[in-house]
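> structure for the following, please:
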Amino acid sequence: MRRMKFDKGLIAGSSILLVLSLLEKGDMYGYQMIEELARRSNDAFQMKEGTLYPILHGLEKEKYLSAYERQAPTGRQRKYYRLTRRGKKLLDEKRAEWAAFHRGVDSVLSGGANAMA
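Coordinates of the predicted model:
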């Protein structure tokens with residue numbers, strides 16, 4: 001089955017929500033997030049490192065995420081990211097924003113609340 005290409009604007013507007021959602025269940029490092037996003041979306045979302053890391057750094061700077069380093073079994077140091085309490089609140093806000101946006105789009109696509117049958 002062919003993978004659908006999404007408008008970059010759609011993905012950009014959802015990227016913070018997606019990243020925060022990945023970290024909701026536990027700490028992850030960057031490449032792990034890229035892989036998990038692809039897995040959870042059945043490869044619909046293929047986020048590049050050049051997109052992910054600026055998002056992570058911005059969220060960390062604003063205290064929505066904290067980061068720490070841990071040695072991988074291979075001996076390599078990995079930087080893990082964790083949602084902070086403030087990040088969990090932002091995730092809740094982004095989810096509510098997404099739900100309202102989704103309802104609005106669905107309403108328009110279906111002809112609106114007063115659509116004629």
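
> where in this protein is pLDDT low?
1-12, 113-117 (pLDDT under 70).

> check contacts around the spatially most central residue of the chain.
Geometric centre of the chain, nearest residue: Leu18, 1.3 Å, by C-alpha atoms, centre = their mean. Residues in contact with Leu18 (C-beta atoms under 8 Å, 6 or more residues apart in numbering) are 37, 45, 47. The way it works is simple: take the backbone N, C-alpha and C, and place the C-beta from them, glycine included.

> now, which of those residues lie within helices?
Leu37 (DSSP state H).

> export the contacts of Leu18 to TSV and tack on neighbour count and distance to Glu62?
Listed next are those as TSV, based on neighbours: other C-beta atoms under 10 Å; distance: C-beta to C-beta, whole Å:
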residue	neighbour count	distance to Glu62
Leu37	21	21
Phe45	17	23
Met47	20	19
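
> so where do the strands sit in this structure?
Under the criterion DSSP state E, the chain contains strands at 28-29, 65-71, 77-83.

> most tightly packed of those?
When the strands of the chain are scored by mean count of other C-beta atoms under 10 Å, the highest mean neighbour count falls to strand 28-29 (a mean of 18).

> list the helices and strands that one packs on?
strand 77-83 (3 or more C-beta pairs under 8 Å, 6 or more residues apart in numbering; DSSP states H and E).

> distance check, Tyr81 against Ile34.
Distance from Tyr81 to Ile34, counting by C-beta to C-beta, to the nearest Å: 12 Å.

> report the longest helix in the protein, please.
Identified as the longest helix of the chain according to DSSP H is helix 85-109.
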